[in-house]
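Q: Fold the following and give me the result.
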Amino acid sequence: MSILISYGLYFLIWFAFVPLLYLTYTKNYKRIIIYSAIYGIITSIAFFSWVYELKTAFYRLIYVSIILVFTLYFIFFMVAVSSISKKIKSNYAVLLPPVIWILLLLIYSLLPIQIYWMDFAIFQPSLIPLVWYFGSYGITFLIILFNSVIACYFIKKNNKLVFLLLFLASLIIFSILYTNYSDFLYDNKIKVALLQGNFPYSFEWRQNHTFDIVLGTYLNMTLEASKEKPDLVIWPEYSLPQDLRKNENALKTLQKTSVDLNEVLIIGSLKYEGDTNTDTAFVFKPDGTFDTYDSVSPFFLADKIKVIKGNQTNIIQYNNKKFGVVICNEENMQWVVRSHSNQGSQFIVSMSNNQYLGRGMHIIAQFAKLRAAENAKYVVRATNDGLTQIINPFGKVIYSIEPKKQNILIGDIYLNNYKTFYTRYGNFLVYLIIIFSITIMFKKEGK
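A: Numbers count the residues shown, from 1 in each chain. Just a heads-up that it's a prediction; the model follows:
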C-alpha cells in the first residue's frame with residue numbers, strides 16, 4: 001500500500017483487493033487463513049516500514065506488534081466474509097466485504113493503537129462531493145465495494161453485477177470530474193507563509209540549540225517571508241522544542257516580532273507539565289497577546305519526550321478570523337478537524353515534524369488532504385523537512401515545496417464558514433448504509 005502512495009499509483013486501490021476477495025470466496029478456511037496471513041504480513045511490512053526507521057525505544061518489538069495486529073485484521077476480515085457469505089445466496093453478498101471492513105475499523109478503533117491506517121480513503125481523498133456527505137469511512141466503503149463487485153463477477157458472471165459496477169464507476173468518474181473542474185473561492189482571502197526549517201539533526205540537538213541557532217534561523221526566515229506581507233507565518237511542530245514560557249527573552253522577542261511585522265506567528269513548541277509535556281502551538285498576535293493549543297491526540301510512538309494529551313480542541317480567533325490547529329497525529333483523526341470546523345474554524349493550520357518517518361511522511365500527508373476534503377476547508381501544512389503544502393477544500397495540493405530543503409512556501413487561501421454534511425453529522429450516513437446493507441442481505445436470504 002505504501003508503494004501506491006510513494007509512486008502516486010492511487011488508482012490501483014480500486015483493484016488491489018480483487019485477488020484477495022476472489023480467494024476469500026473460493027477457498028476453504030485453512031487456505032484463507034494462510035493467504036490472509038501472507039497478504040497481511042507482506043502488506044504490513046511494506047506499509048509500516050517507516051515505524052522500523054523511527055528507531056524508538058523497543059522499535060523492533062513495536063514493529064513486529066504492529067505487523068501482528070494488522071495481519072490479524074486481514075485474517076478476521078477474510079474469515080468473516082467467507083463464513084457469512086455462504087449464508088447469503090443473492091447478489092447482495094457484494095455488500096458484505098465493505099460492511100465487515102467498516103465494522104472492523106470501528107472495533108479496532110477501541111484499541112490503544114490507532115487504526116486510521118486501514119482507512120483507505122487516503123488513496124482517494126478528493127472524491128467530491130461524496131466525501132462531503134460520507135466522510136472517509138464512506139469512501140473506504142465504496143473502495144471495498146468496487147473491489148467486491150469485480151471479484152464477485154469473476155465468480156458468478158452475473159450481468160446485474162456489471163450494471164452495478166458501471167453505476168459505481170460513473171459515480172467515481174463524476175466525482176473526479178467535479179473535483180477537477182469546480183472552484184471553491186470566497187471573497188475573504190489571506191496570505192500565509194509556511195517555514196520549512198529542515199534541521200536534519202536529532203531532537204536532543206534541537207533542544208540544546210533551541211534559543212540560539214534554531215530560533216535565529218526561524219526568525220531570519222520569518223523576516224524574509226514578511227517581504228510578501230503575509231497575514232500568518234507558520235513554523236512547524238516542535239520548531240522550538242523548549243517551553244517558551246520558561247524563557248522570557250525568547251517569549252518577548254516573538255511577541256515583539258509579531259507586533260512589529262503585524263503578522264500572526266504560529267509556532268510549534270511544547271509546555272512542561274511536571275515530568276511530562278504537551279505538544280503545543282503558540283499563537284502570537286499583532287496586539288501583543290498570545291494563545292496556545294495543546295494536541296489532544298499526540299503521536300502514539302513518540303518517545304523523545306513524555307507527551308500528554310491536551311484538554312480540548314479550542315480554536316484561535318484574531319481580527320474576526322477563526323482557525324483550528326492540528327498537530328502531527330491529529331490530522332489523521334477525523335474527529336479533531338471536524339470539531340474545529342463545527343466550532344466555526346474557517347481554515348485549518350497543520351503542523352508536523354515528520355523528520356524520522358522516511359517514506360511515512362508521504363502516507364501521513366495524505367490524511368491532511370482527506371481532512372481538507374471532508375470539511376471543505378483549506379489546510380496549510382508546515383513541516384520541518386516535508387511535506388509542506390497548501391491544500392484546497394477539494395483535498396488538492398495547490399502549492400508545495402521540495403522536501404529535505406530549507407525553504408519558505410507562500411500562497412493565498414480563502415476563508416469559509418461552510419459546514420459539510422459530514423462536518424455536521426459525522427458518520428451518520430455510513431452507519432445508515434451499514435444497517436441498510438445488513439437488512440437487505442439477510443432479508444433476501446429469508447425469502
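
Q: Who are the packing partners of the host helix or strand of residue 149?
A: Here residue 149 sits within helix 130-156, counting by DSSP states H and E. Packing contacts for helix 130-156, counted by 3 or more Cβ pairs under 8 Å, 6 or more residues apart in numbering; DSSP states H and E, involve helix 18-26, helix 96-108, helix 159-181, helix 334-342, helix 360-375, helix 421-425, helix 428-446. Placement of C-beta: from N, CA and C, glycine included.

Q: gap between residue 316 and residue 193?
A: Per Cβ to Cβ, to the nearest Å, residue 316 is found 17 Å from residue 193.

Q: pLDDT weak spots in the stretch 201-350 of the chain?
A: 300-305 (pLDDT under 70).

Q: All the helices of it, in order from the start?
A: Ranges of helices in the stretch 201-350 of the chain, per DSSP state H, counting those that start in this stretch, are 203-208, 215-225, 248-261, 334-342.

Q: list the contacts for residue 313?
A: 296, 324, 336, 339-340, 343 (Cβ atoms under 8 Å, 6 or more residues apart in numbering).

Q: which SS class is residue 351?
A: strand (DSSP: H, G, I helix; E, B strand; the rest coil).

Q: hey, which of the helices of the stretch 201-350 of the chain is tucked in deepest?
A: Among the helices of the stretch 201-350 of the chain, the stretch with the highest mean neighbour count (mean count of other Cβ atoms under 10 Å) is helix 334-342, at a mean of 23.

Q: quick check, nearest of the contacts of residue 313 to residue 150?
A: residue 336 (34.5 Å; Cβ to Cβ).

Q: mind checking how far that closest one is from residue 367?
A: Distance from residue 336 to residue 367, by Cβ to Cβ: 11 Å.

Q: How many residues are close by residue 434?
A: For residue 434, the count of nearby residues is 20 (other Cβ atoms under 10 Å).

Q: quick one: it and residue 96 touch, right?
A: No - between residue 434 and residue 96 there is no contact under Cβ atoms under 8 Å: 11.0 Å.

Q: per-residue confidence for the most centrally placed residue in the chain?
A: Geometric centre of the chain, nearest residue: residue 367, 2.0 Å, by Cα atoms, centre = their mean. We have a pLDDT of 93 for residue 367.

Q: any idea how far it lies from residue 399?
A: 18 Å.

Q: quick one on the thing from earlier: which of the helices of the stretch 201-350 of the chain sits closest to residue 407?
A: helix 215-225 (8.9 Å).

Q: Report the distance from that closest one to the chain centre.
A: 29 Å (Cα atoms, centre = their mean, to the nearest Å).

Q: helices or strands next to that helix in the packing?
A: Using 3+ Cβ pairs under 8 Å, 6+ apart, helix 215-225 sits against strand 189-196, helix 248-261, strand 407-414.

Q: and the first one with helix 215-225, angle?
A: It refers to strand 189-196. 150 degrees (axes from the mean of the first three to the mean of the last three Cα atoms, to 10 degrees).

Q: what helices or strands is strand 189-196 leaning on?
A: helix 215-225, strand 232-234, strand 379-383, strand 407-414.

Q: what are the pairing partners of that strand, and which direction each?
A: Sheet pairing of strand 189-196 (DSSP bridges) gives strand 232-234 (parallel), strand 407-414 (antiparallel).

Q: ok, residues contacting the first one?
A: I take that to be strand 232-234. 190-195, 222, 225-226, 261, 263-266, 349, 351, 380, 382.

Q: before we move on, the earlier item: which one of the helices and strands packed on strand 189-196 lies nearest to residue 429?
A: Closest among these, using Cβ to Cβ: strand 379-383, at 22.9 Å.

Q: For the residue nearest to residue 152 when sequence neighbours are not counted, which residues are in contact?
A: Leaving aside its chain neighbours, residue 152 sits nearest to residue 94 (5.0 Å; criterion: Cβ to Cβ, 6 or more residues apart in numbering). Contacts here follow Cβ under 8 Å, 6+ apart; on that basis residue 94 touches 145, 148-149, 152, 161, 164.

Q: Export the helices of the stretch 201-350 of the chain to TSV and append columns for distance to residue 136.
A: Putting those into TSV (distance: least, Cβ to Cβ, whole Å) gives the following:
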stretch	distance to residue 136
helix 203-208	31
helix 215-225	33
helix 248-261	35
helix 334-342	6
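
Q: nearest to residue 81, of the ones you listed?
A: helix 334-342 (24.7 Å).

Q: Tell me the helices and strands packed up against the closest one.
A: helix 130-156, strand 321-327, strand 347-352, helix 360-375, helix 421-425.

Q: Can you say which of the ones you listed is nearest to residue 186?
A: Once those are compared by Cβ to Cβ, strand 347-352 is nearest, at 10.5 Å.

Q: what's the angle from that closest one to strand 189-196?
A: Relative orientation of strand 347-352 versus strand 189-196 (the same axes, to 10 degrees): 0 degrees.

Q: What is the distance between strand 347-352 and the centre of its chain?
A: Taking mean C-alpha positions (Cα atoms, centre = their mean), strand 347-352 and its chain are 11 Å apart.

Q: and the angle for that strand with strand 321-327?
A: 20 degrees.

Q: Strand 347-352 to strand 379-383, inter-axis angle?
A: 20 degrees.

Q: Give me the residues contacting strand 347-352.
A: Here strand 347-352 has contacts from 232, 234-237, 266, 268, 281, 323-328, 331, 337, 340-341, 364, 368, 371-372, 375, 377-384, 413, 415-416, using Cβ under 8 Å, 6+ apart.

Q: Of these, just the buried ones, ChimeraX syntax please.
A: The buried residues among those can be selected in ChimeraX (16 or more other Cβ atoms under 10 Å) with this line:
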select :232,234,235,236,237,266,268,281,323,324,325,326,327,328,331,337,340,341,364,368,371,372,375,377,378,379,380,381,382,383,384,413,415,416
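
Q: just to revisit the earlier point, switch the helices and strands packed on helix 334-342 over to CSV; also include distance to residue 34.
A: Formatted as CSV, the helices and strands packed on helix 334-342 follow (distance: least, Cβ to Cβ, whole Å):
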stretch, distance to residue 34
helix 130-156, 18
strand 321-327, 41
strand 347-352, 39
helix 360-375, 28
helix 421-425, 39
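
Q: ok, of these, where does mean pLDDT dip lowest?
A: Note on the helices and strands packed on helix 334-342: lowest mean pLDDT is at helix 360-375, with a mean of 91.

Q: Which other helices and strands does that one contact?
A: helix 2-6, helix 49-54, helix 130-156, helix 334-342, strand 347-352, strand 379-383, strand 389-391, helix 421-425.

Q: so what's residue 382 up against?
A: Counted by Cβ under 8 Å, 6+ apart, residue 382 has contacts 194-196, 234-237, 266, 268, 349-352, 388.
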